[in-house]
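Asker: Pasting the sequence and the predicted coordinates here, then a few questions.
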Amino acid sequence: MHICIIGTGASGWISAFMLSDEPWVDKITIIGSPSIPTIGVGESTTSGFMNFLHTFVFNKTDQNKFLVNIDAATKYGVYYKNWSNKNFLHAFVGEPENNCEGYLLGHLSESENANHYMMPLYDQIIKKNIFIPDPQLQSFSFHFDANKFISTMENLAKNEPKICHIKDTVIHANFKEDEEVSSLQLSDNSYVEADYYVSCVGQRNFNERVFKEEYEEYSDVLLTNKALFYPLKYKNKEKEFHPYTVAKTMKHGWRWITPTWSRIGTGYVFSNNHVSIDEVVHEFQQDIGDHSIEPHVTDFFPRRVKKVFKKNYCSIGMSAGFLEPLDAPGLSMS
């Protein structure tokens, strides 16, 4: 079976490596457009990413070298700051059928410490005593630099006989009938024919135009539609680094802080229907303590695709949907 993947972001490469291990897959063509850049603000992963690494990557390359190449830093969970009268560090949870933490957490008394309940090694994690524990005791994953992950996966793919990487832009999908793609047309007027197609392109207009995707909108109930983002250099790494994501409330939204090993990925999520971009930029700069930075602004539309799997193609990752960065499970879904 020949599978064609469109999009060479993180979800595209994850899909390619997972599918390449399947015995029924003979060939994978992955197409990445030089004209569609990745945002590259960094990735904050969950335990599903660890399963991917151990199953599909670490048997193909040196584990330590791979983690260095993607600028990985250990993540033990998400620290929610100023969302309530108590800050808390939320760990990764187990399988849904075995997970009762959420139920029990809701029944703790005011005097009980939720952090120690959810995070057995909470004290050590807050003190930044980094180590790799037994995952049964304390699960963990990684923050990484998205662009470095993409380039590292691209280099690994050169040694994978099933994977063929094409650097070009898909401009049109030809359909035999409803929901069945016959071929893809590239910008050089060549065509790619496959048995199955996977869209991993996060741009909504691309998927609507090329694959005729229809999306369910959530803009009327999720009041965020923009994000500032900026990669910060460490000024005092020992003080600024922490082995978890920080999700911090702000005046008009919330800010994420995800340290990789060499820098800090951070951004501010808000809605320009309620506040001006200039106001948010000023608050972002003030919170960081540096009014000289000029953050990037990106739009997003809370949405999900109405139908993920069609006759011979599907949508994976941000192509399938995106609510907002606090719940951005693209890699977990992949």
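Answerer: Good, I have the coordinates. Because the structure is a prediction, the values reported are computed rather than measured. Residues are numbered from 1 along each chain as shown.

Asker: Quick check: A146 touching A10?
Answerer: Yes. Between A146 and A10 a contact is recorded at 5.9 Å, counting by Cβ atoms under 8 Å. C-beta: built from backbone N, CA, C; applies to glycine.

Asker: Have a look at these two and say which one is more surrounded.
Answerer: Legend: neighbour count by other Cβ atoms under 10 Å for A146 and A10, higher for A10 (26 against 20).

Asker: Can you pull the phi/psi pair for the more buried one?
Answerer: phi -60, psi -40 (degrees, to the nearest 10).

Asker: residue ranges for the helices of the stretch 51-200 of the chain, please.
Answerer: Applying DSSP state H, counting those that start in this stretch to the stretch 51-200 of the chain gives helices spanning 63-69, 101-105, 114-118, 122-126, 146-157.

Asker: Need the overlap of contacts for A146 and A10.
Answerer: Common contacts of A146 and A10 (Cβ atoms under 8 Å, 6 or more residues apart in numbering): E43.

Asker: Where among the helices of the stretch 51-200 of the chain is average confidence lowest?
Answerer: Lowest mean pLDDT within the helices of the stretch 51-200 of the chain: helix 101-105, a mean of 57.

Asker: pLDDT-wise, which helix or strand of this structure ranks last?
Answerer: Every helix and strand of the chain was ranked by mean pLDDT, DSSP states H and E. The lowest is helix 101-105, at a mean of 57.

Asker: okay, the helices of the stretch 51-200 of the chain in JSON lines with distance to W83 next?
Answerer: Formatted as JSON lines, those follow (distance: least, Cβ to Cβ, whole Å):
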{"stretch": "helix 63-69", "distance to W83": "31"}
{"stretch": "helix 101-105", "distance to W83": "14"}
{"stretch": "helix 114-118", "distance to W83": "12"}
{"stretch": "helix 122-126", "distance to W83": "17"}
{"stretch": "helix 146-157", "distance to W83": "26"}
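
Asker: And those: which comes nearest Y230?
Answerer: Y230 lies closest, by Cβ to Cβ, to one member of these: helix 146-157, at 14.3 Å.

Asker: Next one: H165 relative to R303, how far apart?
Answerer: Look at H165 and R303: by Cβ to Cβ, to the nearest Å, they are 29 Å apart.

Asker: Same check on M50?
Answerer: As judged by Cβ to Cβ, M50 and R303 stand 28 Å apart.

Asker: Looking at these two, which is more packed in?
Answerer: Of the pair M50 and R303, R303 is the one with more neighbours under other Cβ under 10 Å, namely 20 against 17.

Asker: got a pLDDT number for P325?
Answerer: P325 is assigned 80 on the pLDDT scale.

Asker: Could you tell me how many residues sit around it?
Answerer: Applying other Cβ under 10 Å, we find 20 residues neighbouring P325.

Asker: what helix or strand does the closest residue to it other than its chain neighbours sit in?
Answerer: Distances taken as Cβ to Cβ, 6 or more residues apart in numbering place V269 nearest to P325, at 5.4 Å, with adjacent residues excluded. Assigned by DSSP states H and E, V269 belongs to strand 263-270.

Asker: Just checking: what are the partner strands of that strand?
Answerer: Here strand 263-270 has these sheet partners by DSSP bridges: strand 226-233 (antiparallel), strand 254-259 (antiparallel).

Asker: after that strand comes which helix or strand?
Answerer: Sequence-wise, the next helix or strand beyond strand 263-270 is helix 277-288, with elements assigned using DSSP H and E.

Asker: Give me the angle between that next one and strand 263-270.
Answerer: For helix 277-288 against strand 263-270, the angle by axes from the mean of the first three to the mean of the last three Cα atoms, to 10 degrees is 140 degrees.

Asker: For helix 277-288, list every residue counted as buried.
Answerer: V280, V281, E283, F284, Q285, I288 (16 or more other Cβ atoms under 10 Å).

Asker: can you redo these as CSV with distance to E177?
Answerer: Compiled in CSV, the buried residues of helix 277-288 are given as follows (distance: Cβ to Cβ, whole Å):
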residue, distance to E177
V280, 47
V281, 49
E283, 52
F284, 49
Q285, 54
I288, 53
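
Asker: nearest to Y218, of the residues you listed?
Answerer: V280 (21.0 Å).

Asker: Next one, pLDDT for T61 please.
Answerer: Reading off the model, T61 has pLDDT 95.

Asker: For N64, see how far away the residue lying closest to it once chain neighbours are set aside is.
Answerer: Once flanking residues are discounted, T61 sits nearest to L156: 6.0 Å by Cβ to Cβ, 6+ apart. Remark: distance between L156 and N64 (Cβ to Cβ) = 15 Å.

Asker: low-confidence ranges in the stretch 151-300 of the chain?
Answerer: The stretch 151-300 of the chain contains no residues with pLDDT under 70.

Asker: List the contacts of T260.
Answerer: Counted by Cβ under 8 Å, 6+ apart, T260 has contacts G42, D71, A72, A73, H143, F144, D145.
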